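In: pasting the sequence and the predicted coordinates here, then a few questions.
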Amino acid sequence: MHGTQSIWSEAAAWVEAIGAIAAVIGSGWVAASESRAARGREERTAAAAIEREAHAVLATRTAALNLAILASTQIHDLHVLLVDEAWRGRVARVSASRALLATEHMLTAFPLQSLGEARAMVEFARFPAALATAAEIYANLETAVRAAPVSNRATIFDACNEQMARLDKSTAPQLTGLATALDLDLAPLADMAKAVPLEPDR
């Protein structure tokens, strides 16, 4: 009788031990699963943060390049106007310098440090200066034309056109340099960036 009880007691002890082991193993699997899930969530959160940051960087760089293209385009357009004989007669009444100054303000207000790299900052900084120079050339033209006799105005326009042509020509390599520094592709915008040599009609 005692032998039977002993067997049953020993069997019960084994069952209890196995149950305890199974419970430990089960809790370990649950803990491991929760840990894996937590790590997965952390990794997804980190990846999403990296992706958001990459998008923000790309958006900032694209905005910088777009502003530079706008400045370059306005300089080129003003160069075209300077060789337009029909437009020359309206210079005393129509000022292009206001549009240039508005773009210049956007350029100077751009958070330069957001570009991150020194080279990109230096390349971008060329455009506010270029636009300020264009505005100054045009302002001087307005003043000179209004004060000069009609017979002298062609010479004034030609002198300003030469200055604007040099400035216009310089923006194309500057745009290329900025795009390279920003690691962006300027090729689709090449037509906008070109400064075409123009000569006034006689």
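Out: Received the coordinates, thanks. Numbers count the residues shown, from 1 in each chain.
In: list the buried ones in the helix or strand hosting A154?
Out: Per DSSP states H and E, A154 falls inside helix 153-182. By 16 or more other C-beta atoms under 10 Å, the buried positions in helix 153-182 come out as 153, 156-157, 160-161, 163-165, 167-172, 174-175, 177-179, 181-182. C-beta here means a position set from N, CA and C on the backbone, and glycine is covered the same way.
In: quick check: mean pLDDT of it?
Out: When pLDDT is averaged along helix 153-182, the result is 89.
In: which strands and helices sit next to that helix?
Out: helix 2-82, helix 118-147, helix 190-193 (3 or more C-beta pairs under 8 Å, 6 or more residues apart in numbering; DSSP states H and E).
In: where does this protein have its least confident helix or strand?
Out: Within the chain, confidence by mean pLDDT, DSSP states H and E is lowest for helix 190-193 among all helices and strands, at a mean of 48.
In: hmm, back to that, and the helices and strands packed on helix 153-182, which one's lowest on average pLDDT?
Out: By mean pLDDT, the lowest-scoring of the helices and strands packed on helix 153-182 turns out to be helix 190-193, with a mean of 48.
In: what does the model give P188 for pLDDT?
Out: In this model, P188 is scored at 54, pLDDT.
In: got it, and A96?
Out: 64.
In: same check on V83?
Out: 76.
In: distance check, it against N152.
Out: 18 Å (C-beta to C-beta, to the nearest Å).
In: can you check A125 too?
Out: 37 Å.
In: do the same with A172
Out: Distance from A172 to N152, by C-beta to C-beta: 32 Å.
In: number of residues surrounding L78?
Out: Counted by other C-beta atoms under 10 Å, the residues lying close to L78 total 24.
In: re the thing from before, the more surrounded of A125 and N152?
Out: More crowded of A125 and N152, by other C-beta under 10 Å: A125, with 16 against 12.
In: would you confirm that the more buried one contacts F110?
Out: No. Counting by C-beta atoms under 8 Å, A125 does not reach F110; the two are 9.8 Å apart.
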